[in-house]
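Colleague: I need the structure of the sequence given here:
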Amino acid sequence: MTALPSYLNKLSILKQIPVFEGLNWFEFNRVARRSTLVEFNKGDSICKQGNPADGFYALVSGRIQAFTLSAMGHKEETDLILRGMHFGVISALTGETHSHSYEALNDCVVVKISKDDFAQLLKSTPKMAVALSQTLSQRIRKHVTRNRDTQESTIIAVYAPLKGSGSSTYAANLALHLREQSGKKVLLLSLSSDNNDQRINLADIVYDHHKILQSITKGKLAVDVLSVKFSGANASVLNRISQFVSAPVNDYNFIILDLPNEMDDVVMKTLTQSDIIHLVTLDRTKDLEMTRMVIDRLIGALKDKFHSDTIQVIISGIDPERQPMTGEEIKKILNYDVFLVLPHLKKEEFQFIKVDAGCTVIEVSTDTEYARVIHRLSRRISEVMVGVVLGGGAALGLAHIGVIRVLEREGIPVDIVVGSSMGALIGSIWSIGNNAEELEKYGREFEQLSGSIKLFDPPVHRSLYLFPIVILFILFGHYFLSLFVILSLIPLIFIPIAGLLEGNAISRWLRGKLHQKTFHDTKIPLRVVAYDLLRRQEIVIDRGSLVDAVRKSVAIPGVIKPVMENDQMIIDGGVLNPLPTNVLVAMGVKKIIAVNVLQSPQEVVHNREQELENFQKLLAISFVKHPFQYIAFRLGNFLGKGFNPNIADIIVRTLQASEYILAEASAKQADVLIQPDLRGINWFELYQVNKLIKRGEDAALKALPAIKALVAR
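Modeller: Prediction:
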């Protein structure tokens, strides 16, 4: 950090700090002589929790985060210090150690008055003491009521290394959708490095905070706009760019920076001063390589302050007439995860809006796929996302289709889906763009017995191991031995080792619905939950093949063979997390709708009682009146005794008994819980499609008022 010695500069700055307002010329000079202007770089610690009291601080420009550290070293009680605010007063007055740590979120300029000088000023400047006492009492009241001193502010920089990437269109529409979804104040700050533009010259306003705010255009768009031009060779602009970018943070919740394509020192400095960086690029080799170079430069500039979640890559405008790169191809060139994929924009889908003489923005129609993607992203950024959790439950999971139908019909926005087991299967097919009607069509494939048989693939492939042995005995004339091998070992072929089913038939069925799609291709962001049995760790899958992810999540232990991959034994995610609300909580989603299709103990008892009642009714059928029904029932009952109880039923019922208890605990993290009444339906009855969908729909309709209240909150 470096001192700023200019005395005249100091006087003009002090007059802009509210706590010094009302002081006369002599009092201002007294404060100026005892104060120092100090610069801090982004990430610098200004003072730390537990350190000795050292003085009074007031923020001139930039932003500072105040926080306490927990015993585990996590930040707690975070708050923002914005321009004009002060801190360190209580420590300076009492001599106690600092109760909070203060860290620069941007390059900052701070007024500092040492503890001893501060005490002298309070004695000699009564007006200042009164002003401080008033602000302290306000802070105490806010602390008691748990109200923040300041509004949250987020600076998002949008940059494309090459022209024609659509970064300006993206920046403008992100700003518009943030305003619409959050209802908060948004500023679109557009910068140009073309000196021929008819914009305000940044060098003319960068030193004056009030001029910056007065240059903002209001009323032309739903968001306010500040458009300026600058010269990268102007050292004064480079030195003040942090103050310029952070100047509006007191007045706006979101500031979207639309940066020029040229990568000069001003652009790099602006990027490093932002909270989030969106790098917009096309899925072309040259563009991706340039984007990777920008990422490397940012990593070098940010050093230990670099976090992968703050630099996000946006693939823009994929042309449907051109074969797009796959996610794997992009990842190979970029060596970085893609955050978002934007659809291609057609000419009829947008319009030009002139903001001022030098700035025109492109506004995209709200009924386009492009707008829907930006809409969902803006909900994520403004923390109003609605997440849906689809729980496991074997065939009972078909009830999810009825819930989805109600959500779609009522226009409930769904920003992310998390699924476990059957919930992962339904959620994955929904996430790629299939609606409830299409989901129902797929579900009806199981109304006939032939549909369920498609998924049945016992591990008979082990018979291939016997074939060479039998052939060898036959070639040497040992016909009796070959017959003995066949008769004695064939039953062993059907004895399950890793599972009753191989799972390949399930993968084939999934591939017919999901094709070769990956998480990169989903319309609604998706997370699939599975479980590593060897390490006893939950696995949250958010990349790669959708078919592979779902196959892992539905691998009911003992029933469907687990997936062995990377020294992992991956099984059904529902075994330990049948209702994975925790995944959304960890992502910061604050509006969670959970659908639990596991039957309660009362429902299970009801099912058993109904089965016994039906059995007694069938047992009472007379041979004389209904001979065929009489024979069919008794023959079926006789044959069924050999398969009841069976291992699959025992395993699934055992698992679902414990899963229900786990799901009950997870449900407490949901804002709205939908729990369909599934009495009279068993876990394996895939053919009960009508009942399952109807029960899901009824439960969702019952919860609809709570869902609408949640969305509107």
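Colleague: contacts, neighbours, all on C-alpha from now
Modeller: Noted.
Colleague: mind checking how far residue 18 is from residue 26?
Modeller: 17 Å (Cα to Cα, to the nearest Å).
Colleague: More neighbours: which of these two?
Modeller: residue 18 (15 against 10; other Cα atoms under 10 Å).
Colleague: Would you agree that one is in contact with residue 83?
Modeller: No. Applying Cα atoms under 8 Å as the test, residue 18 and residue 83 come out as separate, 9.8 Å apart.
Colleague: Could you list the low-confidence segments of the stretch 301-450 of the chain?
Modeller: 318-320, 449-450 (pLDDT under 70).
Colleague: Can you show me the helices along it?
Modeller: 327-334, 369-381, 399-409, 422-431, 436-443, 449-453 (DSSP state H, counting those that start in this stretch).
Colleague: okay, these, which one's buried deepest?
Modeller: helix 422-431 (a mean of 27; mean count of other Cα atoms under 10 Å).
Colleague: who does that one touch, helix- and strand-wise?
Modeller: strand 386-390, helix 399-409, strand 416-420, helix 436-443, helix 504-514, strand 526-532, helix 546-553 (3 or more Cα pairs under 8 Å, 6 or more residues apart in numbering; DSSP states H and E).
Colleague: Identify each buried residue in the fifth one, please.
Modeller: Meaning helix 504-514. 504-507, 510, 513-514 (16 or more other Cα atoms under 10 Å).
Colleague: so which of those comes closest to residue 75?
Modeller: Distance to residue 75, by Cα to Cα, is smallest for residue 514 among the buried residues of helix 504-514, at 41.6 Å.
Colleague: any idea how far residue 395 is from that closest one?
Modeller: Taking Cα to Cα, one finds residue 514 at 19 Å from residue 395.
Colleague: so which of the helices of the stretch 301-450 of the chain gets nearest residue 210?
Modeller: helix 369-381 (28.7 Å).
Colleague: Alpha carbons of that closest one, as CSV, please.
Modeller: Listed next in CSV are the C-alpha coordinates belonging to helix 369-381 (Å, rounded to 0.1, in the frame of the first residue of the first chain):
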residue,chain,number,x,y,z
GLU,A,369,-34.7,-19.5,-26.3
TYR,A,370,-31.9,-17.0,-25.8
ALA,A,371,-34.0,-14.9,-23.4
ARG,A,372,-35.0,-18.0,-21.5
VAL,A,373,-31.4,-18.9,-20.9
ILE,A,374,-30.5,-15.4,-19.7
HIS,A,375,-33.7,-15.4,-17.6
ARG,A,376,-32.6,-18.5,-15.8
LEU,A,377,-29.1,-17.2,-15.3
SER,A,378,-30.3,-13.9,-13.9
ARG,A,379,-32.4,-15.7,-11.4
ARG,A,380,-29.3,-17.6,-10.3
ILE,A,381,-27.2,-14.5,-9.9
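Colleague: now could you export just the CA positions of stretch 341-357 as CSV?
Modeller: Output of stretch 341-357 as CSV, limited to C-alpha atoms (Å, rounded to 0.1, in the frame of the first residue of the first chain):
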residue,chain,number,x,y,z
VAL,A,341,-24.2,-22.1,-23.6
LEU,A,342,-26.2,-19.4,-25.4
PRO,A,343,-28.5,-20.3,-28.3
HIS,A,344,-28.1,-18.7,-31.8
LEU,A,345,-30.0,-15.4,-32.3
LYS,A,346,-32.0,-14.9,-35.4
LYS,A,347,-32.5,-11.4,-36.9
GLU,A,348,-36.2,-11.3,-36.1
GLU,A,349,-35.5,-12.1,-32.4
PHE,A,350,-34.0,-8.8,-31.4
GLN,A,351,-34.2,-5.0,-31.8
PHE,A,352,-31.8,-2.1,-31.6
ILE,A,353,-32.5,0.6,-28.9
LYS,A,354,-30.6,3.9,-29.0
VAL,A,355,-29.6,5.0,-25.5
ASP,A,356,-27.6,8.1,-26.3
ALA,A,357,-25.6,9.5,-29.2
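Colleague: my read: residue 422 touches residue 389, true?
Modeller: No. Counting by Cα under 8 Å, residue 422 sits too far from residue 389 to count as a contact (11.5 Å).
Colleague: For residue 45, give me its contacts.
Modeller: Taking Cα atoms under 8 Å, 6 or more residues apart in numbering, we find residue 45 in contact with 101-104.
Colleague: hang on, isn't residue 516 packed against residue 548?
Modeller: No. Between residue 516 and residue 548 there is no contact under Cα under 8 Å: 10.0 Å.
Colleague: quick revisit: going by neighbour count, which of the contacts of residue 45 comes out on top?
Modeller: Neighbour max across these (other Cα under 10 Å) = residue 102, 25 neighbours.
Colleague: And the pLDDT for that one?
Modeller: pLDDT, residue 102: 94.
Colleague: got the contact list for it?
Modeller: 45-48, 64-67.
Colleague: ChimeraX command for the buried members of the residues you listed?
Modeller: Paste this into ChimeraX to select the buried members of these, with burial taken from 16+ other Cα under 10 Å:
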select :46,47,48,64,65,66,67
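Colleague: List the ones among the contacts of residue 102 that fall in helices.
Modeller: Judged by DSSP state H, helices contain none of the contacts of residue 102.
Colleague: Roughly how far does the residue most central in space within the chain sit from residue 385?
Modeller: By Cα atoms, centre = their mean, the chain has its centre lying nearest to residue 587, at 5.3 Å. Separation of residue 587 from residue 385 (Cα to Cα) stands at 10 Å.
Colleague: May I ask which helix or strand of this protein has the lowest mean pLDDT?
Modeller: In the chain, the helix or strand scored least confidently by mean pLDDT, DSSP states H and E is strand 3-4, which has a mean of 45.
Colleague: So for the helix of greatest length in the chain, what gets flagged as buried?
Modeller: As assigned by DSSP H, the longest helix anywhere in the chain is helix 689-712. By 16+ other Cα under 10 Å, the buried positions in helix 689-712 come out as 689-701, 703-704, 706-707, 710.
Colleague: got the phi/psi numbers for the closest residue to residue 52 other than its chain neighbours?
Modeller: Among residues not flanking residue 52 along the chain, residue 97 sits closest, at 4.4 Å (Cα to Cα, 6 or more residues apart in numbering). In terms of degrees, to the nearest 10, the main-chain angles of residue 97 are phi -70, psi 160.
Colleague: Residue 97: neighbouring residues, count only.
Modeller: 17.
Colleague: tell me the contacts of it?
Modeller: 49-53, 91.
Colleague: what do you get if the cut-off is 7 Å, keeping everything else the same?
Modeller: 50-53, 91 (Cα atoms under 7 Å, 6 or more residues apart in numbering).
Colleague: For it, report the pLDDT, please.
Modeller: 90.
Colleague: can you pull out the strands in the stretch 101-250 of the chain?
Modeller: 101-104, 108-114, 154-159, 186-192, 200-201, 224-229 (DSSP state E, counting those that start in this stretch).
Colleague: Adding distance to residue 32, write those strands out as JSON lines.
Modeller: Formatted as JSON lines, the strands of the stretch 101-250 of the chain follow (distance: least, Cα to Cα, whole Å):
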{"stretch": "strand 101-104", "distance to residue 32": "23"}
{"stretch": "strand 108-114", "distance to residue 32": "9"}
{"stretch": "strand 154-159", "distance to residue 32": "32"}
{"stretch": "strand 186-192", "distance to residue 32": "34"}
{"stretch": "strand 200-201", "distance to residue 32": "31"}
{"stretch": "strand 224-229", "distance to residue 32": "33"}
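Colleague: Tell me which of the ones you listed approaches residue 288 most closely.
Modeller: Nearest of those (Cα to Cα): strand 154-159, 13.3 Å.
Colleague: now that closest one, how far from the centre of its chain.
Modeller: From the chain centre to the centre of strand 154-159 is a distance of 18 Å (Cα atoms, centre = their mean, to the nearest Å).
Colleague: Contacts made by it with the rest, please.
Modeller: 167, 171, 253-259, 261, 271, 274-280.
Colleague: Provide the strand pairings for that strand, with the direction of each partner.
Modeller: strand 254-258 (parallel), strand 276-281 (parallel) (DSSP bridges).
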